[in-house]
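[1] only the shape, not the letters, is given here:
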(Lines give C-alpha, C1' and ligand atoms only; values in the text may rest on other atoms or scores of the structure.)
Protein backbone atom coordinates (compact mmCIF):
# COMPACT_ATOMS: atom_id res chain seq x y z
CA UNK A 1 0.00 0.00 0.00
CA UNK A 2 1.34 3.43 -0.90
CA UNK A 3 0.46 7.10 -0.59
CA UNK A 4 -1.58 7.10 -3.78
CA UNK A 5 -3.96 4.55 -2.25
CA UNK A 6 -4.11 6.20 1.19
CA UNK A 7 -4.42 9.86 0.21
CA UNK A 8 -7.38 12.15 -0.22
CA UNK A 9 -6.70 13.36 -3.79
CA UNK A 10 -8.84 16.49 -3.41
CA UNK A 11 -7.99 18.05 -0.07
CA UNK A 12 -9.27 21.44 0.93
CA UNK A 13 -6.49 23.97 0.33
CA UNK A 14 -5.60 27.58 1.00
CA UNK A 15 -3.90 30.17 -1.18
CA UNK A 16 -0.97 32.10 0.34
CA UNK A 17 -3.03 35.31 0.23
CA UNK A 18 -5.99 33.83 2.13
CA UNK A 19 -6.35 35.41 5.55
CA UNK A 20 -5.91 33.82 8.94
CA UNK A 21 -9.66 34.37 9.47
CA UNK A 22 -10.49 32.34 6.34
CA UNK A 23 -8.17 29.55 7.45
CA UNK A 24 -9.52 29.54 11.02
CA UNK A 25 -13.09 29.34 9.73
CA UNK A 26 -12.23 26.38 7.47
CA UNK A 27 -10.40 24.59 10.29
CA UNK A 28 -13.33 25.12 12.65
CA UNK A 29 -16.10 24.38 10.15
CA UNK A 30 -14.54 21.15 8.85
CA UNK A 31 -12.78 20.04 12.07
CA UNK A 32 -9.39 20.05 10.35
CA UNK A 33 -5.94 20.16 11.88
CA UNK A 34 -3.93 21.01 8.77
CA UNK A 35 -4.65 22.84 5.54
CA UNK A 36 -2.12 22.70 2.72
CA UNK A 37 -1.23 26.03 1.13
CA UNK A 38 -0.71 25.97 -2.64
CA UNK A 39 0.12 28.64 -5.21
CA UNK A 40 -1.94 29.36 -8.33
CA UNK A 41 -0.25 26.47 -10.15
CA UNK A 42 -1.12 24.02 -7.37
CA UNK A 43 2.46 23.78 -6.04
CA UNK A 44 2.72 22.94 -2.36
CA UNK A 45 4.11 25.82 -0.27
CA UNK A 46 3.52 24.45 3.22
CA UNK A 47 0.80 23.87 5.74
CA UNK A 48 -1.32 26.17 7.86
CA UNK A 49 -2.50 24.34 10.95
CA UNK A 50 -3.99 24.57 14.40
CA UNK A 51 -0.41 25.05 15.58
CA UNK A 52 -0.15 28.13 13.36
CA UNK A 53 -3.25 29.48 15.11
CA UNK A 54 -1.71 28.83 18.51
CA UNK A 55 1.53 30.57 17.52
CA UNK A 56 -0.20 33.74 16.37
CA UNK A 57 -2.36 33.85 19.49
CA UNK A 58 0.19 33.24 22.24
CA UNK A 59 2.47 35.99 23.64
CA UNK A 60 5.83 36.35 21.86
CA UNK A 61 7.77 35.66 25.07
CA UNK A 62 6.33 32.16 25.17
CA UNK A 63 7.32 31.44 21.58
CA UNK A 64 10.83 32.91 21.59
CA UNK A 65 13.61 30.42 20.90
CA UNK A 66 14.70 30.86 24.50
CA UNK A 67 11.12 31.36 25.65
CA UNK A 68 9.43 30.37 28.81
CA UNK A 69 8.61 26.79 29.72
CA UNK A 70 6.25 27.73 32.50
CA UNK A 71 3.80 30.56 32.00
CA UNK A 72 1.41 30.18 34.91
CA UNK A 73 2.40 33.64 36.15
CA UNK A 74 1.16 35.29 32.93
CA UNK A 75 -2.11 36.99 33.75
CA UNK A 76 -3.66 37.02 30.28
CA UNK A 77 -7.17 35.70 30.07
CA UNK A 78 -9.28 34.36 27.23
CA UNK A 79 -10.33 37.88 26.25
CA UNK A 80 -6.68 38.94 25.93
CA UNK A 81 -5.91 35.95 23.71
CA UNK A 82 -9.03 36.61 21.63
CA UNK A 83 -7.99 40.23 21.18
CA UNK A 84 -4.51 39.20 20.00
CA UNK A 85 -6.07 36.67 17.62
CA UNK A 86 -8.54 39.24 16.25
CA UNK A 87 -5.67 41.61 15.57
CA UNK A 88 -4.03 39.04 13.32
CA UNK A 89 -7.08 37.74 11.45
CA UNK A 90 -6.42 39.81 8.32
CA UNK A 91 -2.81 38.63 7.96
CA UNK A 92 -2.15 36.32 5.02
CA UNK A 93 -1.58 32.66 5.86
CA UNK A 94 1.75 32.77 4.01
CA UNK A 95 3.16 34.43 7.14
CA UNK A 96 2.27 31.37 9.21
CA UNK A 97 3.02 28.44 6.90
CA UNK A 98 4.97 25.52 8.31
CA UNK A 99 7.04 23.29 6.08
CA UNK A 100 6.59 19.62 6.86
CA UNK A 101 8.19 16.58 5.35
CA UNK A 102 6.20 15.38 2.42
CA UNK A 103 5.58 12.00 0.85
CA UNK A 104 5.66 11.17 -2.82
CA UNK A 105 2.78 9.29 -4.46
CA UNK A 106 4.73 6.03 -4.29
CA UNK A 107 5.87 6.38 -0.66
CA UNK A 108 5.01 3.24 1.29
CA UNK A 109 2.35 3.21 4.00
CA UNK A 110 4.98 2.31 6.60
CA UNK A 111 7.14 5.28 5.63
CA UNK A 112 4.09 7.55 5.85
CA UNK A 113 3.27 6.27 9.32
CA UNK A 114 6.88 6.92 10.37
CA UNK A 115 6.66 10.46 8.97
CA UNK A 116 3.57 11.01 11.10
CA UNK A 117 5.22 9.57 14.18
CA UNK A 118 8.59 11.33 13.86
CA UNK A 119 7.10 14.59 12.62
CA UNK A 120 4.43 14.52 15.33
CA UNK A 121 1.79 15.33 12.77
CA UNK A 122 -1.57 13.82 11.94
CA UNK A 123 -1.35 14.72 8.24
CA UNK A 124 1.23 14.26 5.51
CA UNK A 125 1.12 16.17 2.21
CA UNK A 126 1.65 14.05 -0.91
CA UNK A 127 3.71 16.08 -3.38
CA UNK A 128 5.11 15.24 -6.79
CA UNK A 129 8.88 15.54 -6.31
CA UNK A 130 9.48 17.05 -9.76
CA UNK A 131 6.60 19.48 -10.27
CA UNK A 132 6.04 20.21 -6.55
CA UNK A 133 2.30 19.81 -7.22
CA UNK A 134 0.16 18.82 -4.27
CA UNK A 135 -1.25 15.41 -5.19
CA UNK A 136 -3.24 14.90 -1.99
CA UNK A 137 -3.14 14.67 1.79
CA UNK A 138 -2.98 11.67 4.07
CA UNK A 139 -4.43 12.05 7.52
CA UNK A 140 -4.14 9.72 10.45
CA UNK A 141 -7.85 9.04 9.88
CA UNK A 142 -7.16 7.89 6.29
CA UNK A 143 -4.54 5.43 7.53
CA UNK A 144 -6.70 4.16 10.39
CA UNK A 145 -9.68 3.72 8.10
CA UNK A 146 -7.64 1.55 5.71
CA UNK A 147 -6.18 -0.47 8.60
CA UNK A 148 -9.61 -1.12 10.08
CA UNK A 149 -10.99 -2.17 6.68
CA UNK A 150 -8.27 -4.79 6.18
CA UNK A 151 -9.44 -8.36 6.71
CA UNK A 152 -6.96 -10.31 8.82
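    Structure received. For clarity, every value in this text was computed on a predicted model and none was experimentally measured.

[2] show me where this structure has its helices.
    In the chain, the segments counted as helices under DSSP state H are 3-6, 20-30, 50-57, 60-63, 78-86, 109-119, 140-149.

[3] burial count for residue 6?
    Around residue 6 sit 23 other residues, with neighbours defined as other Cβ atoms under 10 Å. In this view, the C-beta of every residue, glycine as well, is placed from N, C-alpha and C.

[4] how close does the closest residue to it other than its chain neighbours sit to residue 120?
    The spatial neighbour of residue 6 that comes closest, neighbours along the chain excluded (Cβ to Cβ, 6 or more residues apart in numbering), is residue 138 at 4.8 Å. Using Cβ to Cβ, to the nearest Å, residue 138 is found at 15 Å from residue 120.

[5] what's the answer for residue 29, then?
    Plainly put, residue 29 is 25 Å away from residue 120 if you go by Cβ to Cβ.

[6] equivalent analysis for residue 12, please.
    Here residue 12 is placed at a distance of 22 Å from residue 120 (Cβ to Cβ).

[7] who has more neighbours, the two?
    Neighbours around residue 12 and residue 120, counted as other Cβ under 10 Å, are more numerous at residue 12. The numbers are 14 against 8.

[8] just the pLDDT for the more buried one.
    pLDDT, the model's per-residue confidence, is 96 for residue 12.

[9] ok, and for the worst-scoring helix or strand of the chain on mean pLDDT, which residues are buried?
    Least confident element among the helices and strands of the chain, by mean pLDDT, DSSP states H and E: helix 60-63 (a mean of 72). Of the residues in helix 60-63, none has enough neighbours to count as buried (16 or more other Cβ atoms under 10 Å).

[10] off-centre distance for it?
    What separates the centre of helix 60-63 from the centre of its chain is 21 Å, taken as Cα atoms, centre = their mean, to the nearest Å.
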